[in-house]
Structures are given as C-alpha cells and as structure tokens.
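# with the sequence up front, the predicted model follows.
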Amino acid sequence: MNSRVFARKLLAELPKLVSSGVLDEDSSLKLREYYEPKAADGANLTVLVFAALGALLIGGGLILLVAHNWDELGRHARAVLSILPLLFCQIMSLWVVLTGRRGGAWSEGTGIAWHLTTGAAIALISQTYHIGGTVPDFLFGWALLTIPVTYLISSVGAFSLWVLTWSAWQLSAFAGQMEFSWLFWPVSLIFLPYIMGVYRDNRYGGRAALVSLAVVALTGAGCFSSYLFLKGQMSVYLAPLAATSIYLMGVNCFKEAENPRQNPLLSLGALAVAILILVFSYEDIWRHVMSRYAYSFRDFKGAPGWWTPYGYANFALFLLSWTALLFGALKNKVYHALSFGLLPAAVFVSWLLNKSMASYFPGVIIINIYGLAAGVFLVTRASKAGSIWALNRAMAFIATLIALRFFDSDLSILLKGVSFIIIGAIFLAANFKMTRKGRVK
Amino acid sequence: MKRLIIISIALFSLIQIGALGKKIFALEDALATGELHLFKAAPIDPYDPFRGRYVALSQENLRMKVEEGKVYGKGESIWVSVVKGEDGYSSFAGLTFKEDPAPKVRARVRYSSGDTLTIDPPFSRFYMNDKRAPQAERAYRKRQRREELGAYIAVRLKDGVGVIEDLYIDGKKIDEYLREEDERKHD
C-alpha cells in the first residue's frame, strides 16, 4: 500500500485502538509523531504542484506578452518593464525567506517565477535593442543567470526549469554556440549537493521524483550532445551506457521504492534499455553501425571549444558510471539487475563478433537472444514475486520483441496472425493464473 | 543561516540586475553616442519562441579573407572591422581584434574554407510587433518584384557594441513605410 495512504488510515484508526485498549497512549503518540509527516506529504505535494503550476502559467504568460512586442511603449519604458517582474520576484524571495516560508509552496512558486522572469527580462532587452544571436545564445545566458536560484529559494521547480534550460541549450549548442559546450557537466555538478540533499531528506517523495527526472534529462542531454563528437564506433555505446547507468542508479539507490513513481530512475532507465534492445535487434541498425562512414564528425572538425575531448570525457564518464554501478549491484547481491544492466556488454560483444566476422548478422542474433533471455528472466522473477504489473511489463517487452521479428520476416500473414493470437493468449493465461493464485501485488 | 540566505539573495539580485543594467547601459550609450553606419539589408520574417516576431536581416560582404593556414571553426566568435563606403553604406572589411580602435563588431563564423571565411550577419534581427513583422516582409517582397527597392538598417557603433536604430525601406523608417502602405491600400 502507498505509504501516505497507509499513514492516513493508521492515524484515523489510532483513537479507536487506544479506546479499545489495543494500544497505550504513549505508543499512540509515538506512532502519530512518526506517521503524521508521511500523511501530510501528499497534501504538501498537491499544494506544491498547484503553486508550481500557477507560477509556470504566470511566467509562461509573461514570456508570451513579451513576445507580442509592445513597441508602442517606447524603448525606455520597455527597458524598465523588462526588469520589473524580475525585481518583484527577487523581493518576493526575500519575503519568502523572512517569513519562514522557504522550502514550501511559496518557495516553489517564487523560484519558478524567478527563473521565468529572468528569461523574460533577457528576452525583452534583446527585443528592445534588436540584439541578434541564436536561441542557444539566449538559453546559455538565461541558464547562467539563474544558477543560484535553486539554492537560494530551495525550489525543486526552479531546479527542474534550470535543467530544462541547460539541457535545451546543450542539445542546440552545436547549431551555433559550441565554444562553451564543455561547460555542460562542470556547471551541472554545481547542483550535486542540492540533488544529494533532496535524496537525503526523502528519496521516495515527490520532490525526489522530480529531481530524478531532472537527472535523467541531464544524462540524456549529455549523451546526445556528445554523440556527434566521438570518433567511429564509440558513439554506439553512449546510449546503452547512459541508459543502463540510469537504470542501475535506480536499482542501487532506491531499493525500498514501493512503486515505479517512487523510482523514476529505474522506471525510465528500464524503459530506455528496453527501447535500445529493440532498436539494436534490427538488422538495419547493425548495418549502419558497421558501416565505415556511419560516424564521422566532418561537419564539426575544427569547431571551437573542446568538443572532441568533451565527447571522449562523456564516454569515459558513462563507462565509469556503468562499471561502478554494475559492481555496486553485484556487491549488494542484486543479481536481477544484470538482466538489463548488461546491455553495453552485449552491444560490445556483438560489435566485436561483427567486426571479426565482417558481417552484421552475429550482432542481430546476440541482441535478440539477449533481449529474449532478459525478458524471460524478468517474467519468471515477476511471477515468483506475484507482481502482476511487473509481469505485464516484462511480457509486453517480450511480445514487442517477437512482434518486431515477425514484421521483419517474410512469414505469411496467416502465420503472423496465429502467432499474435498465441502471444495474446499467453498474456491472458499468465494474468488469469496469477489472479487465481491470489498472489497479485 | 536565515541571515546568510537573505544576504545571498540580496547580493545575487544585485548581480542579476547589475548584469542586465550594465547591458542596457552599454546599448543605450551606443545608441546615444555611437557612430552611425548604414548597412544594406534584405528583410524576411521568422519567429523566435522567446523573443517573438522579428524581421531577419542579412548584410552584404559577409565573406572575407583570412591569413593562410589559420583555421576558424564553425560558430567561432571573431571581431570584424566596419568601413564606410563611398555610396554611404558601411560594410565589413575583414578580421580585426578586440583592441582595434576602429569601428568593429562581433560576429560568428558560419563556415571557413581555405583562405576565406563567411560570417553570420552581425545584425540579424529587427524585432517587431507580431502583426507588423509579416506585414513588413510582404510589403517589401511585393514592391521588390516591381521595382528596385532599397532596404537598409541604421546602426550605432561604439567600442564594439552595435545597436540597430531602425530599419528603413525605400528611404523611410519601417513604421512610416507601413503606414503609407496602409493608406495606399485604403485609397
């Protein structure tokens, strides 16, 4: 049961338990002290979400108002107007801290508004004075000018928006602003203490879930931004290494999560790994990977900044993270993590065999067998644990892998149809069997 | 702790406002005391999701010579000198350096090949109201088909800071030009 729902039910039961003599007053008081913050967490989160939504709407509306271009106001009035909303948010932040509201809903709303009004101010100044520059230029300035907001106002909403701004900048930087791109990870690391702090407070709460989503976004941006700047076949391993690192982080650091929502790293990491297995199970992908000209950075050769070292540094970072997290899982005896966690190794072995045999076919077979084995293992595990959701997820993965191979093949429509019916029947039978056993979680 | 946070917010707020204020001051200073340059421009009308509708501008002479063996990467930031021509219009003369006292602007390398490189136009955007920007482009294109039509921007340059003062079509400020276009339509 959800810990919040459980806490509420238990708190409601306490007076009855005390009056009927099952529990004494002291124990009741201790239970109340322990469970009250957990029960309140949901209510707080709802307020936080609405405060964040309100601030997002106001800030978004402000950016749209800026985009309208109020040229009838005159240059000086617009220059002053560009800074006023930002000034208001700064004063609001002081008020939030002075009145002891830091860390709550007001903090979230103010933090988000502060981030957005900074962007609106830069946009309005650019517009008023016809400053050129590309969208990456704009995003870069915006992100740099809002780094401390998260810490000052303790707002997870401001942090999430900062991550979005920074990731969007990094992904678009190769279109015209490359000399600072190497700053991506060093600047992102400024937020490591904040991330650790949120996880330390309550790693299974709503704030931690948002922070985990931000971590996934940063990893994704780091992975894709370095894709073009790695020589040859190294870029093939980037996405598997990044996806499995996220997945293993979820496995190692969120062991007590009760549902996928409490562990977005595991959920999103597993989803990314599953998608990658399906992608690498195709012949065409391996034909592309093994092609001599598939990966070159000819368009970016001689680009300013440290693009090539940045690419290699990212590769090393993901490789180290994956190795450390995999060993961590083994050390903690979480052997089931190997099912999805070994994808980079499977891709490497596939590439090695393809290379030595001068063919792309061994890779296709290895990844398909690996995917099928991982899927069967996960189905068995879910079945033993009696988790119908985990069982269905694992079966959906196997079914997709099989369906893709059927679409690939030259089998007759009749055979394909019969096969799909069989897969569907297995799905239903497994669910039915599980429900009848009464072992469903 | 609370006091430290308050002081930090106040300091950071000052830094934020100061950074934006400094930028505004430099731009205002260039507009007030900068040297006037006219650049030929061809307007078209795209959209920026954050800064709204603008008239995209392109200038002439974006290609320039570079010294043999020197490689410039795509997107690299460089200084470009500006010279006034006999026809009254200014153009980009070649690469220069930050300390050069002559008129100059910052530009980004679009591509470089051999002993030449091409820059992105340093004055690339003229922001307009979301209704009037497409109007400006349509009017310009329509008349350009019928007759030789000049479009140029007036730019104030000071210490490497360049600010567009206004966009001119057919010798008239864009506002005036559009007003006259409207009147012509109503007649």
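Sure thing, it's come through.

# and the residue nearest the centre of chain B?
Chain B has B:Phe123 as the residue nearest its centroid, 1.9 Å off, counting by C-alpha atoms, centre = their mean.

# touching, it and B:Ala56? I think so.
No: under the criterion of C-beta atoms under 8 Å, B:Phe123 makes no contact with B:Ala56, lying 10.4 Å away. The way it works is simple: take the backbone N, C-alpha and C, and place the C-beta from them, glycine included.

# so what's the residue nearest to the centre of chain B up against?
By C-beta atoms under 8 Å, 6 or more residues apart in numbering or on different chains, B:Phe123 lies in contact with A:130, A:132, B:39, B:41, B:57, B:59, B:105, B:153, B:155, B:162, B:164.

# okay, now the domains of chain B?
As assigned by automatic domain parsing, chain B contains the domains B:34-59+B:123-187, B:61-121.

# rounded mean pLDDT for the last one, please.
When you say that, I think you mean domain B:61-121. Average pLDDT, domain B:61-121: 84.

# can you tell me how far A:Leu57 is from chain B?
Distance, A:Leu57 to chain B, by C-beta to the nearest C-beta, to the nearest Å: 17 Å.

# what's the neighbour count on that residue?
12 (other C-beta atoms under 10 Å in any protein chain shown).

# next, give phi and psi for it.
Phi and psi for A:Leu57, reported as degrees, to the nearest 10, are phi -60, psi -40.

# can you check B:Gly73 too?
phi -90, psi 160.

# repeat for B:Val80
Main-chain torsions, B:Val80, degrees, to the nearest 10: phi -130, psi 130.

# what does the one 3 residues further on give?
The phi and psi values for B:Val83, taken as degrees, to the nearest 10, are phi -130, psi 150.

# show me where chain B has its strands.
B:35-40, B:47-48, B:52-56, B:63-65, B:77-84, B:90-96, B:104-113, B:116-119, B:125-127, B:151-158, B:161-169, B:172-173 (DSSP state E).

# could you dump these into JSON lines with distance to chain A and mean neighbour count added?
Shown next, in JSON lines, are the strands of chain B (distance: least, C-beta to the nearest C-beta, whole Å; neighbours: other C-beta atoms under 10 Å in any protein chain shown):
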{"stretch": "strand B:35-40", "distance to chain A": "12", "mean neighbour count": "18"}
{"stretch": "strand B:47-48", "distance to chain A": "7", "mean neighbour count": "16"}
{"stretch": "strand B:52-56", "distance to chain A": "3", "mean neighbour count": "23"}
{"stretch": "strand B:63-65", "distance to chain A": "17", "mean neighbour count": "14"}
{"stretch": "strand B:77-84", "distance to chain A": "7", "mean neighbour count": "17"}
{"stretch": "strand B:90-96", "distance to chain A": "14", "mean neighbour count": "19"}
{"stretch": "strand B:104-113", "distance to chain A": "6", "mean neighbour count": "19"}
{"stretch": "strand B:116-119", "distance to chain A": "11", "mean neighbour count": "18"}
{"stretch": "strand B:125-127", "distance to chain A": "4", "mean neighbour count": "22"}
{"stretch": "strand B:151-158", "distance to chain A": "9", "mean neighbour count": "20"}
{"stretch": "strand B:161-169", "distance to chain A": "4", "mean neighbour count": "20"}
{"stretch": "strand B:172-173", "distance to chain A": "12", "mean neighbour count": "14"}
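
# dump the ones you listed to TSV, plus distance to A:Phe159.
Below are those laid out as TSV (distance: least, C-beta to C-beta, whole Å):
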stretch	distance to A:Phe159
strand B:35-40	43
strand B:47-48	26
strand B:52-56	27
strand B:63-65	44
strand B:77-84	30
strand B:90-96	42
strand B:104-113	31
strand B:116-119	37
strand B:125-127	31
strand B:151-158	39
strand B:161-169	34
strand B:172-173	45
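
# which stretch among those strands comes nearest A:Leu343?
Ranking these by proximity to A:Leu343 (C-beta to C-beta) places strand B:104-113 first, at 38.2 Å.

# each with direction, which strands does that closest one pair with?
strand B:77-84 (antiparallel), strand B:116-119 (antiparallel) (DSSP bridges).

# list of residues touching the longest one?
With C-beta under 8 Å, 6+ apart as the contact definition, strand B:77-84 has outside contacts at A:179, A:304, B:37, B:64, B:72, B:90-98, B:100, B:102-109, B:119, B:122, B:157, B:160.

# and the angle from that strand to strand B:161-169?
50 degrees (axes from the mean of the first three to the mean of the last three C-alpha atoms, to 10 degrees).

# how far does strand B:77-84 sit from the chain's center?
How far strand B:77-84 lies from its chain's middle: 13 Å, per C-alpha atoms, centre = their mean, to the nearest Å.

# with only the CA atoms kept, save that strand in CSV.
Extracted in CSV, the C-alpha atoms of strand B:77-84 (Å, rounded to 0.1, in the frame of the first residue of the first chain):
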residue,chain,number,x,y,z
SER,B,77,33.3,34.3,-32.2
ILE,B,78,35.5,36.8,-34.1
TRP,B,79,35.9,40.6,-34.4
VAL,B,80,35.1,42.2,-37.8
SER,B,81,36.1,45.7,-38.8
VAL,B,82,33.5,48.1,-40.4
VAL,B,83,34.2,50.7,-43.0
LYS,B,84,32.1,53.3,-44.7
